[in-house]
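J.: I need the structure of the sequence given here:
(one chain, ligands or ions: 1)
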Amino acid sequence: MTTDKKIPTLYEWAGGMPVFEKLTDTFYKKVLKDPLLEPIFKHMSPEHQQHVAHFIAEVFGGPKTYSEGEGSHYQMVQKHLGKHLTEQHRQRWVALLLETADELGLPADPEFRSAVVGYLEWGTRIAVINSREEQLEMDKEQPMPRWGWGETGGPYVP
Ligand code: HEM
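T.: Numbers count the residues shown, from 1 in each chain. Below you'll find the predicted structure:
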């Protein structure tokens, strides 16, 4: 017998938009206290943290809040151009975000966390590569990235 089990998106599994907004709110407070990252982010806009929350939420299968009202994949990429981010910046950014996820009690099952880390490794490495460029030839209509559970296949069943 086959059962029709609906697998939740990473967005749903995380707990929805309030979780993503709280995550970036807490994360960027840490960023502004971090000696390595503070100089890069000290001029960020007041909307920055919300935009990043909405961007990641959409990538994880949530509503199109970012792409229908705040930006596009193209615009997100543009924000990183010329920033000359280093591997040290990237590693600190990832470490602080994961530390925040632990502190806020995001789901800690191996499947969810491996998907999150996979996305962060992918996204932050692309941000570093793009940050070396002052200009980038890119299709303005390029769709938003999408991220799912990957090879682990589904959410953790205790
Ligand atoms: C998965 C990885 C990442 C995502 C999804 C992401 C997403 C975004 C988004 C959506 C914006 C635009 C915010 C707005 O509209 O105001 C932005 C801007 C920016 N991001 Fe990222 N980012 C990532 C990685 C990084 C990393 C690793 C760094 C540096 C360590 C970084 C540094 C910046 C900076 C400096 C800006 C511009 C801030 C300003 O407005 O002055 N990003 N990012």
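
J.: so who does the most centrally placed residue in the chain touch?
T.: The centre of the chain sits closest to Ile56, judged by Cα atoms, centre = their mean, with a distance of 4.0 Å. Shown in contact with Ile56 (Cβ atoms under 8 Å, 6 or more residues apart in numbering): Phe20, Thr24, Tyr119. Heads up, the C-betas are built off the backbone N, CA and C, glycines and all.

J.: now do Leu85
T.: If you count contacts by Cβ under 8 Å, 6+ apart, then Leu85 has Ile40, Ala127, Val128, Ser131 around it.

J.: please see if stretch 77-89 touches the ligand.
T.: Yes. Under the criterion of Cβ under 6 Å from any ligand atom, the ligand is reached by stretch 77-89 at Lys79, His80, Lys83, Leu85, His89.

J.: now that stretch: buried residues?
T.: Neighbour counts over stretch 77-89 (16 or more other Cβ atoms under 10 Å) mark Val77, Gln78, Lys79, His80, Leu85, His89 as buried.

J.: so who does the nearest residue to Arg146 once chain neighbours are set aside touch?
T.: What sits nearest to Arg146 in space, not counting adjacent residues and going by Cβ to Cβ, 6 or more residues apart in numbering, is Val59, at 6.3 Å. Taking Cβ under 8 Å, 6+ apart, we find Val59 in contact with Tyr119, Gly123, Met144, Pro145, Arg146, Trp147.

J.: mind running it again at 10 Å?
T.: Taking Cβ atoms under 10 Å, 6 or more residues apart in numbering, we find Val59 in contact with 10-11, 66-67, 73, 119, 122-123, 144-148.

J.: kindly report the same for Phe55.
T.: Contacts for Phe55 (Cβ under 10 Å, 6+ apart) come out as 20, 24, 62, 65-67, 70-73, 75-76, 123, 144-145.

J.: which of these come close to the ligand?
T.: Applying Cβ under 6 Å from any ligand atom to the contacts of Phe55, one finds that Gly71, Met76, Gly123 fall near the ligand.

J.: list the buried residues in the helix or strand containing the last one.
T.: When secondary structure is defined using DSSP states H and E, the element that contains Gly123 is helix 110-131. Applying a neighbour-count criterion of 16+ other Cβ under 10 Å, one finds 111-113, 115-116, 118-120, 123-124, 127-128, 130-131 buried in helix 110-131.
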